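# Return atomic coordinates for the entry below.
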Amino acid sequence: MEQTTAEESTTQKKVSNQAFYGDIVELTDAELSLDNISTGEITENTEARKINIEYPVINSDSEDYKEVNALIKKCVEDANGYYCNLVLSEMQVSCTYEVIYYTDKYISIVFDAMFSSIEFAHPTSYCYGVTIDLENAKVVSLVDMGLELTNIEKRAQDGEYTVESGGFFLMSDDEKLETIGYVLDDVQSDYKGAFYRDAEGIYMVIDGISHAIGDYSIIRFAD
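Numbering: from 1, shown residues only. Next up is the predicted model:
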């Protein structure tokens, strides 16, 4: 696939200097402006395959950030790899991103993607979160950042979360707890794509729910 880097910077996100304290995680780093972040693209445009995947690029001459940018690109390739590698007579993959949290230590990104093909009954949307330790150029889980899974589980049992998107609220209470439990099991197995964060809270991606109520939901835990 061909890679190009857009000249335009991403749309600016209002920076909140509030830190997130509490029983979930404690980070006090001030957020940075997104002025030095532009958009990279992975594209393929043939009669059979139309792929347009966007990801953030940190503009810096530092060798450390070159390694971080390569890692971000690998994360978005991995997140879309299943659908991009399908051999079909016709298919489309599109993926956009948002930088949710950015300090001199961490960057937290959410990728929102869509796959479609005439060989499938309906399009499929999917979501992937990633948090990168900028000092060490590695993907981290929120457990690495101080997340206590037992606190998430308790908050889920007490209904202390909001549904940001998707049809998660249409599930029964038992189904909700069971589904969150599956995600937490995945996190304990070192899956790092289920969470991302901002300064005020933590987002959980509930993937593969049901096309009838939305392919995924995002729920938010915050103090």
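# only C-alpha atoms for contact and neighbour calcs from this point on.
Fine.
# For the residue nearest the centre of the chain, list the residues it contacts.
Taking Cα atoms, centre = their mean, the centroid of the chain lies closest to Gly129, which sits 1.9 Å from it. Taking Cα atoms under 8 Å, 6 or more residues apart in numbering, we find Gly129 in contact with Ser108, Ile109, Val110, Phe111, Lys192, Gly193, Ala194, Phe195, Tyr196, Val205.
# from what I can see, Ala31 looks like it's in a strand, true?
You called it Ala, but residue 31 is Glu. No: applying DSSP: H, G, I helix; E, B strand; the rest coil, one finds Glu31 to be coil, outside a strand.
# Break this protein into its domains for me.
What automatic domain parsing lists as the domains of the chain is 2-140, 149-222.
# show me where the chain has strands.
2-9, 37-45, 49-58, 91-102, 106-116, 124-133, 138-140, 162-165, 195-197, 201-210, 214-222 (DSSP state E).
# and of the ones you listed, who's closest to Val187?
In terms of Cα to Cα, the element of those nearest to Val187 is strand 195-197, at 8.7 Å.
# Would you check how far apart Ile219 and Arg155 are?
Distance of Ile219 to Arg155, given as Cα to Cα, to the nearest Å: 12 Å.
# Report the set of residues contacting both of those two.
Counting by Cα under 8 Å, 6+ apart, the contacts common to Ile219 and Arg155 are Tyr161.
# who are the neighbours in contact with Leu149?
Leu149 sits next to Val143, Leu184 when contact means Cα under 8 Å, 6+ apart.
# Check the residue nearest to the centre of the chain and give its pLDDT.
What the model reports for Gly129 is a pLDDT of 91.
# try Phe20
So, for Phe20, pLDDT stands at 32.
# what's the answer for Glu8, then?
35.
# And Ser189, by the same measure?
66.
# What is the lowest-pLDDT residue among the contacts of Gly129?
Lys192 (71).
# Does it touch Ser141 like I think?
Yes: between Lys192 and Ser141 there is a contact at 5.1 Å, judged by Cα atoms under 8 Å.
# In this model Asp215 seems to touch Ser165, though I could be wrong.
No: using Cα under 8 Å, Ser165 makes no contact with Asp215, being 10.6 Å away.
# Give me the more crowded residue out of these two.
Asp215 (19 against 14; other Cα atoms under 10 Å).
# Now Ile202. Nearest residue, chain neighbours left out?
Phe221 (5.2 Å; Cα to Cα, 6 or more residues apart in numbering).
# Near that neighbour, how many other residues are there?
When neighbours are defined as other Cα under 10 Å, Phe221 has 19 of them.
# Show the model's pLDDT score for it.
At Phe221, pLDDT is 87.
# so what's it up against?
Per Cα under 8 Å, 6+ apart, neighbours of Phe221: Ile152, Arg155, Glu160, Tyr161, Thr162, Gly201, Ile202, Tyr203.
# what residues does the lengthiest helix in the chain touch?
Secondary structure of the chain per DSSP state H: the longest helix is helix 63-84. Contacting residues not belonging to helix 63-84 are listed as 51, 53, 55-60, 93, 111, 113, 115, 128, 130, 132, 134-135, 137-138 [Cα under 8 Å, 6+ apart].
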